[in-house]
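Peer 1: Take a look and give me a structure for this.
(one chain, ligands or ions: 4)
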Amino acid sequence: MVKTDLHLHTTASDGRFSPQELVKSAASLGLAVIAITDHDSVDGVAPALAAAQEYPGLRVIPGVEVSTDVPHGEVHVLGYFIDHRDPELMSVLERLRNSRELRAEKMVAKLADLGVPVEWQRVREIAGRGSVGRPHIAQALLERGHVSSLKEAFAKYIRRDGPAYVEREKMTPEQMVELIAKAGGLPVLAHPSNIEHLEEFITRLQKVGLVGIEAYYNDYPQKVVKYLASLASKYGLVASGGSDYHGLGNPDETPMGGVAVPVECVAKLFALVGQKAPA
Ligand code: AMP
Ligand code: ZN
Ligand code: FE
Ligand code: FE
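Peer 2: Ligands and ions are numbered 1, 2, ... in the order given. A predicted model of the protein is given here:
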(Lines give C-alpha, C1' and ligand atoms only; values in the text may rest on other atoms or scores of the structure.)
(Ligands and ions follow the chains in the order given, each with its own letter.)
Protein backbone atom coordinates (compact mmCIF):
# COMPACT_ATOMS: atom_id res chain seq x y z
CA MET A 1 0.00 0.00 0.00
CA VAL A 2 1.54 3.28 -1.11
CA LYS A 3 -0.05 6.31 0.46
CA THR A 4 0.25 9.05 -2.05
CA ASP A 5 -0.98 12.49 -3.09
CA LEU A 6 0.03 13.69 -6.52
CA HIS A 7 -1.69 17.08 -6.58
CA LEU A 8 -0.61 19.62 -3.96
CA HIS A 9 -0.23 23.41 -3.87
CA THR A 10 2.21 25.43 -1.77
CA THR A 11 3.02 29.10 -1.20
CA ALA A 12 4.83 28.99 -4.56
CA SER A 13 1.31 29.49 -5.93
CA ASP A 14 -2.00 29.72 -4.07
CA GLY A 15 -1.46 27.13 -1.32
CA ARG A 16 -1.30 28.29 2.27
CA PHE A 17 1.66 26.17 3.42
CA SER A 18 5.28 26.46 2.41
CA PRO A 19 6.93 23.51 0.65
CA GLN A 20 8.75 22.73 3.92
CA GLU A 21 5.52 22.74 5.94
CA LEU A 22 3.77 20.60 3.37
CA VAL A 23 6.56 18.02 3.32
CA LYS A 24 6.53 17.88 7.11
CA SER A 25 2.76 17.31 7.21
CA ALA A 26 2.96 14.70 4.45
CA ALA A 27 5.60 12.81 6.45
CA SER A 28 3.56 12.96 9.62
CA LEU A 29 0.52 11.66 7.73
CA GLY A 30 2.66 8.69 6.67
CA LEU A 31 2.52 9.49 2.96
CA ALA A 32 5.13 7.70 0.85
CA VAL A 33 4.91 9.76 -2.36
CA ILE A 34 3.80 13.34 -2.97
CA ALA A 35 3.99 15.61 -5.98
CA ILE A 36 4.35 19.38 -5.68
CA THR A 37 2.15 20.83 -8.43
CA ASP A 38 1.96 24.60 -8.15
CA HIS A 39 0.17 26.76 -10.70
CA ASP A 40 2.62 27.97 -13.35
CA SER A 41 5.58 27.59 -10.98
CA VAL A 42 8.29 25.11 -10.02
CA ASP A 43 9.69 27.34 -7.29
CA GLY A 44 8.36 25.05 -4.54
CA VAL A 45 10.11 21.98 -5.91
CA ALA A 46 13.71 22.55 -4.76
CA PRO A 47 12.74 23.52 -1.19
CA ALA A 48 10.42 20.49 -0.99
CA LEU A 49 13.14 18.14 -2.23
CA ALA A 50 15.58 19.61 0.30
CA ALA A 51 13.06 19.32 3.14
CA ALA A 52 12.31 15.70 2.21
CA GLN A 53 15.95 14.75 2.90
CA GLU A 54 14.92 14.57 6.54
CA TYR A 55 12.23 12.00 5.83
CA PRO A 56 13.66 8.90 4.13
CA GLY A 57 10.19 7.34 3.89
CA LEU A 58 8.84 10.17 1.76
CA ARG A 59 9.49 10.61 -1.95
CA VAL A 60 8.83 14.02 -3.55
CA ILE A 61 8.03 14.12 -7.27
CA PRO A 62 8.90 17.45 -8.92
CA GLY A 63 5.76 18.72 -10.62
CA VAL A 64 3.79 21.63 -11.99
CA GLU A 65 0.18 22.47 -12.92
CA VAL A 66 -0.22 24.80 -15.87
CA SER A 67 -3.44 26.49 -16.99
CA THR A 68 -3.95 26.31 -20.74
CA ASP A 69 -6.36 27.90 -23.13
CA VAL A 70 -9.28 26.13 -24.81
CA PRO A 71 -12.35 27.72 -26.41
CA HIS A 72 -14.80 28.85 -23.68
CA GLY A 73 -12.59 27.86 -20.78
CA GLU A 74 -9.30 26.54 -19.53
CA VAL A 75 -7.74 23.14 -19.04
CA HIS A 76 -5.06 22.31 -16.50
CA VAL A 77 -2.09 20.16 -17.42
CA LEU A 78 0.06 18.50 -14.77
CA GLY A 79 3.71 17.65 -15.33
CA TYR A 80 5.32 14.97 -13.16
CA PHE A 81 9.04 14.25 -12.81
CA ILE A 82 9.88 17.42 -14.73
CA ASP A 83 13.36 18.85 -14.68
CA HIS A 84 12.52 21.87 -12.56
CA ARG A 85 15.71 23.57 -13.72
CA ASP A 86 14.97 23.22 -17.43
CA PRO A 87 15.70 26.70 -18.90
CA GLU A 88 12.93 26.67 -21.50
CA LEU A 89 10.32 25.50 -19.00
CA MET A 90 11.48 28.10 -16.47
CA SER A 91 11.31 30.93 -18.96
CA VAL A 92 7.81 30.00 -20.16
CA LEU A 93 6.57 29.72 -16.58
CA GLU A 94 8.07 33.09 -15.77
CA ARG A 95 6.24 34.64 -18.70
CA LEU A 96 2.97 33.07 -17.52
CA ARG A 97 3.52 34.39 -14.00
CA ASN A 98 4.17 37.90 -15.32
CA SER A 99 0.91 37.71 -17.17
CA ARG A 100 -0.81 36.63 -13.92
CA GLU A 101 0.59 39.76 -12.32
CA LEU A 102 -0.83 42.13 -14.94
CA ARG A 103 -4.14 40.32 -14.91
CA ALA A 104 -4.44 40.51 -11.12
CA GLU A 105 -3.79 44.27 -11.26
CA LYS A 106 -6.59 44.62 -13.81
CA MET A 107 -8.90 42.61 -11.58
CA VAL A 108 -8.08 44.89 -8.65
CA ALA A 109 -8.99 47.90 -10.83
CA LYS A 110 -12.31 46.27 -11.79
CA LEU A 111 -13.11 45.59 -8.13
CA ALA A 112 -12.55 49.28 -7.35
CA ASP A 113 -14.98 50.21 -10.15
CA LEU A 114 -17.49 47.80 -8.64
CA GLY A 115 -17.25 49.60 -5.29
CA VAL A 116 -15.37 46.81 -3.49
CA PRO A 117 -11.79 48.12 -3.49
CA VAL A 118 -8.78 46.13 -2.31
CA GLU A 119 -5.18 47.35 -2.21
CA TRP A 120 -2.97 45.90 -4.95
CA GLN A 121 -0.09 46.04 -2.48
CA ARG A 122 -2.02 43.85 -0.07
CA VAL A 123 -2.85 41.28 -2.77
CA ARG A 124 0.84 41.18 -3.65
CA GLU A 125 1.70 40.69 0.02
CA ILE A 126 -0.79 37.84 0.44
CA ALA A 127 0.67 36.12 -2.62
CA GLY A 128 4.13 36.50 -1.10
CA ARG A 129 6.82 35.46 -3.57
CA GLY A 130 4.51 32.98 -5.26
CA SER A 131 2.54 33.28 -8.48
CA VAL A 132 -0.45 35.49 -7.82
CA GLY A 133 -3.88 33.97 -8.35
CA ARG A 134 -7.54 34.62 -7.76
CA PRO A 135 -7.50 33.02 -4.29
CA HIS A 136 -5.16 35.83 -3.16
CA ILE A 137 -7.60 38.44 -4.43
CA ALA A 138 -10.44 36.55 -2.72
CA GLN A 139 -8.47 36.69 0.54
CA ALA A 140 -8.02 40.47 0.18
CA LEU A 141 -11.77 40.88 -0.42
CA LEU A 142 -12.44 38.82 2.68
CA GLU A 143 -10.02 40.89 4.80
CA ARG A 144 -11.69 44.10 3.68
CA GLY A 145 -15.07 42.68 4.71
CA HIS A 146 -16.49 42.87 1.19
CA VAL A 147 -17.39 39.17 1.38
CA SER A 148 -17.77 36.69 4.20
CA SER A 149 -15.99 33.74 2.58
CA LEU A 150 -13.55 32.97 -0.22
CA LYS A 151 -16.34 31.08 -1.95
CA GLU A 152 -18.51 34.20 -1.93
CA ALA A 153 -15.67 36.23 -3.46
CA PHE A 154 -15.58 33.82 -6.40
CA ALA A 155 -19.33 33.55 -6.73
CA LYS A 156 -19.93 37.32 -6.62
CA TYR A 157 -16.89 38.78 -8.35
CA ILE A 158 -14.04 36.68 -9.66
CA ARG A 159 -15.47 33.46 -11.02
CA ARG A 160 -14.85 32.94 -14.73
CA ASP A 161 -17.16 35.46 -16.43
CA GLY A 162 -17.76 37.17 -13.08
CA PRO A 163 -17.86 41.02 -13.14
CA ALA A 164 -14.22 41.37 -12.01
CA TYR A 165 -12.80 38.42 -13.96
CA VAL A 166 -9.94 39.09 -16.35
CA GLU A 167 -8.34 36.59 -18.75
CA ARG A 168 -4.60 36.12 -18.92
CA GLU A 169 -2.10 34.79 -21.36
CA LYS A 170 -2.12 31.03 -21.75
CA MET A 171 -0.64 28.49 -24.11
CA THR A 172 -2.62 25.74 -25.79
CA PRO A 173 -2.82 22.33 -24.09
CA GLU A 174 -0.82 20.83 -26.98
CA GLN A 175 2.00 23.34 -26.54
CA MET A 176 2.09 22.68 -22.80
CA VAL A 177 2.09 18.88 -23.15
CA GLU A 178 5.01 19.19 -25.57
CA LEU A 179 6.90 21.60 -23.31
CA ILE A 180 6.50 19.34 -20.25
CA ALA A 181 7.63 16.30 -22.24
CA LYS A 182 10.66 18.26 -23.51
CA ALA A 183 11.54 19.10 -19.91
CA GLY A 184 11.66 15.37 -19.17
CA GLY A 185 8.23 15.36 -17.54
CA LEU A 186 5.13 13.19 -17.79
CA PRO A 187 2.18 15.29 -19.03
CA VAL A 188 -1.09 14.35 -17.31
CA LEU A 189 -4.49 15.97 -17.83
CA ALA A 190 -5.76 17.47 -14.53
CA HIS A 191 -9.37 17.10 -13.24
CA PRO A 192 -10.82 16.38 -16.69
CA SER A 193 -14.46 15.69 -15.78
CA ASN A 194 -15.82 18.93 -17.24
CA ILE A 195 -13.85 18.98 -20.47
CA GLU A 196 -16.04 19.02 -23.58
CA HIS A 197 -15.65 16.16 -26.06
CA LEU A 198 -13.21 14.54 -23.65
CA GLU A 199 -12.33 11.45 -25.66
CA GLU A 200 -11.54 13.45 -28.76
CA PHE A 201 -9.50 15.88 -26.65
CA ILE A 202 -7.54 13.08 -24.98
CA THR A 203 -6.65 11.41 -28.27
CA ARG A 204 -5.48 14.74 -29.66
CA LEU A 205 -3.19 15.34 -26.68
CA GLN A 206 -1.98 11.75 -26.64
CA LYS A 207 -0.51 12.33 -30.09
CA VAL A 208 1.78 15.02 -28.66
CA GLY A 209 2.81 13.14 -25.52
CA LEU A 210 0.01 12.96 -22.94
CA VAL A 211 0.60 9.90 -20.71
CA GLY A 212 -2.18 10.12 -18.15
CA ILE A 213 -5.40 11.63 -16.86
CA GLU A 214 -6.35 12.48 -13.31
CA ALA A 215 -9.13 10.07 -12.33
CA TYR A 216 -8.89 9.87 -8.54
CA TYR A 217 -9.44 13.51 -7.73
CA ASN A 218 -10.58 15.64 -4.83
CA ASP A 219 -14.33 15.11 -4.34
CA TYR A 220 -15.06 13.30 -7.61
CA PRO A 221 -17.97 10.89 -7.05
CA GLN A 222 -17.25 7.17 -7.51
CA LYS A 223 -19.18 7.17 -10.78
CA VAL A 224 -16.93 9.84 -12.28
CA VAL A 225 -13.78 8.15 -10.99
CA LYS A 226 -14.87 4.86 -12.56
CA TYR A 227 -15.62 6.54 -15.87
CA LEU A 228 -12.27 8.36 -15.99
CA ALA A 229 -10.36 5.24 -14.93
CA SER A 230 -12.11 3.31 -17.71
CA LEU A 231 -11.15 6.01 -20.23
CA ALA A 232 -7.52 5.77 -19.06
CA SER A 233 -7.60 2.06 -19.59
CA LYS A 234 -9.31 2.38 -23.00
CA TYR A 235 -6.59 4.72 -24.29
CA GLY A 236 -3.62 3.12 -22.55
CA LEU A 237 -3.11 6.12 -20.25
CA VAL A 238 -2.15 6.14 -16.58
CA ALA A 239 -4.95 7.07 -14.17
CA SER A 240 -3.38 9.53 -11.77
CA GLY A 241 -4.78 11.17 -8.67
CA GLY A 242 -4.55 13.57 -5.79
CA SER A 243 -6.42 15.92 -3.50
CA ASP A 244 -5.57 19.35 -5.02
CA TYR A 245 -5.00 20.40 -1.42
CA HIS A 246 -4.45 24.15 -0.93
CA GLY A 247 -4.60 24.26 2.88
CA LEU A 248 -7.06 27.15 2.74
CA GLY A 249 -9.08 25.80 5.65
CA ASN A 250 -12.45 25.56 3.91
CA PRO A 251 -14.53 23.10 5.91
CA ASP A 252 -15.25 21.08 2.76
CA GLU A 253 -11.63 20.90 1.59
CA THR A 254 -10.28 17.42 0.85
CA PRO A 255 -7.28 16.93 3.15
CA MET A 256 -3.81 16.04 1.93
CA GLY A 257 -3.68 12.29 1.31
CA GLY A 258 -7.48 12.24 1.33
CA VAL A 259 -7.86 10.57 -2.06
CA ALA A 260 -7.06 6.87 -2.48
CA VAL A 261 -4.90 6.28 -5.55
CA PRO A 262 -4.33 2.64 -6.56
CA VAL A 263 -0.76 1.41 -6.04
CA GLU A 264 -0.47 0.22 -9.63
CA CYS A 265 -1.19 3.72 -10.95
CA VAL A 266 1.68 5.19 -8.95
CA ALA A 267 3.90 2.29 -10.06
CA LYS A 268 3.05 2.99 -13.72
CA LEU A 269 4.11 6.63 -13.43
CA PHE A 270 7.44 5.65 -11.88
CA ALA A 271 7.93 2.96 -14.54
CA LEU A 272 7.46 5.56 -17.29
CA VAL A 273 10.55 7.39 -16.05
CA GLY A 274 12.45 4.14 -15.55
CA GLN A 275 12.15 4.14 -11.76
CA LYS A 276 10.71 1.75 -9.22
CA ALA A 277 7.94 3.14 -7.04
CA PRO A 278 8.57 3.16 -3.29
CA ALA A 279 7.08 0.02 -1.71
P1 AMP B 1 -6.33 31.47 -11.15
O2 AMP B 1 -5.32 30.40 -11.48
O3 AMP B 1 -5.71 32.73 -10.65
O4 AMP B 1 -7.32 31.71 -12.27
O5 AMP B 1 -7.18 30.90 -9.91
C6 AMP B 1 -7.69 29.60 -9.97
C7 AMP B 1 -7.68 28.98 -8.59
O8 AMP B 1 -8.71 29.58 -7.83
C9 AMP B 1 -8.01 27.49 -8.61
O10 AMP B 1 -6.87 26.71 -8.75
C11 AMP B 1 -8.64 27.29 -7.27
O12 AMP B 1 -7.61 27.16 -6.31
C13 AMP B 1 -9.33 28.60 -7.01
N14 AMP B 1 -10.76 28.61 -7.36
C15 AMP B 1 -11.31 28.61 -8.59
N16 AMP B 1 -12.67 28.68 -8.52
C17 AMP B 1 -12.98 28.74 -7.20
C18 AMP B 1 -14.20 28.83 -6.46
N19 AMP B 1 -15.39 28.89 -7.08
N20 AMP B 1 -14.13 28.88 -5.11
C21 AMP B 1 -12.93 28.83 -4.49
N22 AMP B 1 -11.75 28.73 -5.12
C23 AMP B 1 -11.76 28.69 -6.45
ZN1 ZN C 1 -5.15 26.80 -6.94
FE1 FE D 1 -6.38 22.82 -11.39
FE1 FE E 1 -4.52 22.31 -8.56
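
Peer 1: Burial check on whatever residue of the stretch 101-250 of the chain ends up closest to ligand 3, number of neighbours?
Peer 2: Closest residue of the stretch 101-250 of the chain to ligand 3, Cβ to the ion: residue 190 (4.9 Å). Placement of C-beta: from N, CA and C, glycine included. Neighbourhood size, residue 190 [other Cβ atoms under 10 Å]: 21.

Peer 1: Excluding residues flanking it in the chain, which one is nearest it?
Peer 2: Counting by Cβ to Cβ, 6 or more residues apart in numbering, residue 76 is the residue found nearest to residue 190 once chain neighbours are left out, at 3.7 Å.

Peer 1: Same check on residue 69?
Peer 2: According to Cβ to Cβ, 6+ apart, the nearest residue to residue 69 is residue 170 (3.9 Å).

Peer 1: How about the residues of the stretch 51-200 of the chain by ligand 1?
Peer 2: 67, 133, 134, 135, 150, 151, 154, 159 (Cβ under 6 Å from any ligand atom).

Peer 1: So which of those belong to helices?
Peer 2: 134, 135, 150, 151 (DSSP state H).

Peer 1: My assumption is that residue 108 lies in a helix; please confirm.
Peer 2: Yes. Under DSSP: H, G, I helix; E, B strand; the rest coil, residue 108 falls within a helix.

Peer 1: Let me see the contact set for the residue of the stretch 101-250 of the chain closest to ligand 3.
Peer 2: 7, 65, 75, 76, 77, 78, 214, 217 (Cβ atoms under 8 Å, 6 or more residues apart in numbering).

Peer 1: try residue 246
Peer 2: Contacts of residue 246 (Cβ under 8 Å, 6+ apart): 9, 14, 15, 16, 135, 253.

Peer 1: Then residue 42?
Peer 2: Counting by Cβ under 8 Å, 6+ apart, residue 42 has contacts 12, 62, 63, 64, 82, 84, 89, 90, 93.

Peer 1: how about a cut-off of 7 Å?
Peer 2: With contact taken as Cβ atoms under 7 Å, 6 or more residues apart in numbering, residue 42 is in contact with 62, 64, 82, 84, 93.

Peer 1: if we take these, which one ends up nearest to residue 279?
Peer 2: Distance to residue 279, by Cβ to Cβ, is smallest for residue 62 among the contacts of residue 42, at 21.0 Å.

Peer 1: now for the host helix or strand of the closest one, which elements pack on it?
Peer 2: Here residue 62 sits within strand 59-70, counting by DSSP states H and E. Judged by 3 or more Cβ pairs under 7 Å, 6 or more residues apart in numbering; DSSP states H and E, strand 59-70 is in contact with strand 33-36, helix 45-52, strand 73-80, helix 173-182.

Peer 1: average model confidence for that strand?
Peer 2: On average, the pLDDT along strand 59-70 is 97.

Peer 1: Residue 76 - how many residues pack around it?
Peer 2: By other Cβ under 10 Å, neighbour count at residue 76 equals 21.

Peer 1: correct me, but it touches residue 69?
Peer 2: No. Applying Cβ atoms under 7 Å, one finds residue 76 not in contact with residue 69, separated by 11.2 Å.
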